[in-house]
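Trainee: got a sequence here, can you model it:
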Amino acid sequence: MGSSSFTKWTDVQSYFPNFTIVNRGFGGSSLPDLIRYQNDIIYPYLPKQIIIYCGENDIAASDTVSGKIVAERFKQLFVSIRSHFPNVPIGYISMKPSILRWQMKDRMIDGNSRIKKFLKKKKKTTFINVWKMMLGEDGTPMPDIFVEDKLHMNAKGYAIWQKLINPYLINEINSMKPATL
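Mentor: Next up is the predicted model:
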């Protein structure tokens, strides 16, 4: 579940053919939206695992939204999910770098760091860091992994995500690996 980076991944099932994916992303969503709609987008599905991509729109919405605020919002969502599903593994995909929002990178890096630190202390969680793999040799977002809006990814960008997410997906055979950067 999460924002438009998930919504626009319309062929996500083809990237993970051995797993049942229920894509509950919706465009423009922020963490307060996920909290508000959790009864509709999470609980009816009785998930075996939850993967979250959200936080980037929180930061983009206002210069006053800090990495700390994003992490606090994530913690609120996490606690609520845990109250319903105490044993369901939860993965968080780091906020991604993009050309359009590059000027917000410091707040995103801070939010990612805080969420990673929080998850390290929790059981059955993982932090999936996509940030570094989406940067070119010059340390800025690779331009060839985005569509024209310079925010959303193309197939090459999603292939990076697939490679990073796949080891953390679980089924009846494997279990979630520990949090890593």
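Trainee: so where do the helices sit in this structure?
Mentor: For the chain, the helices defined by DSSP state H occupy 4-7, 12-15, 31-36, 38-41, 56-61, 67-84, 105-120, 155-165.
Trainee: what's the residue in the chain sticking out farthest from the centre sitting at in phi/psi?
Mentor: Ranked by distance from the centre of the chain (CA atoms, centre = their mean), the top residue is D138, with 24.2 Å. D138 adopts backbone torsions of phi -80, psi 0, taken as degrees, to the nearest 10.
Trainee: could we number from 48 for the rest of this?
Mentor: Got it, first residue is 48 now, which makes that one D185.
Trainee: in JSON lines, list the helices of the chain along with distance to I97, mean pLDDT and mean neighbour count.
Mentor: C-betas here are computed from N, CA, C, even on glycine. Formatted as JSON lines, the helices of the chain follow (distance: least, CB to CB, whole Å; pLDDT from 0 to 100; neighbours: other CB atoms under 10 Å):
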{"stretch": "helix 51-54", "distance to I97": "12", "mean pLDDT": "95", "mean neighbour count": "21"}
{"stretch": "helix 59-62", "distance to I97": "15", "mean pLDDT": "95", "mean neighbour count": "15"}
{"stretch": "helix 78-83", "distance to I97": "10", "mean pLDDT": "97", "mean neighbour count": "18"}
{"stretch": "helix 85-88", "distance to I97": "10", "mean pLDDT": "96", "mean neighbour count": "14"}
{"stretch": "helix 103-108", "distance to I97": "18", "mean pLDDT": "98", "mean neighbour count": "21"}
{"stretch": "helix 114-131", "distance to I97": "6", "mean pLDDT": "98", "mean neighbour count": "17"}
{"stretch": "helix 152-167", "distance to I97": "12", "mean pLDDT": "98", "mean neighbour count": "19"}
{"stretch": "helix 202-212", "distance to I97": "13", "mean pLDDT": "98", "mean neighbour count": "17"}
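Trainee: CSV please, covering the ones you listed and showing distance to G72.
Mentor: Shown next, in CSV, are the helices of the chain (distance: least, CB to CB, whole Å):
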stretch, distance to G72
helix 51-54, 3
helix 59-62, 9
helix 78-83, 10
helix 85-88, 9
helix 103-108, 11
helix 114-131, 14
helix 152-167, 18
helix 202-212, 13
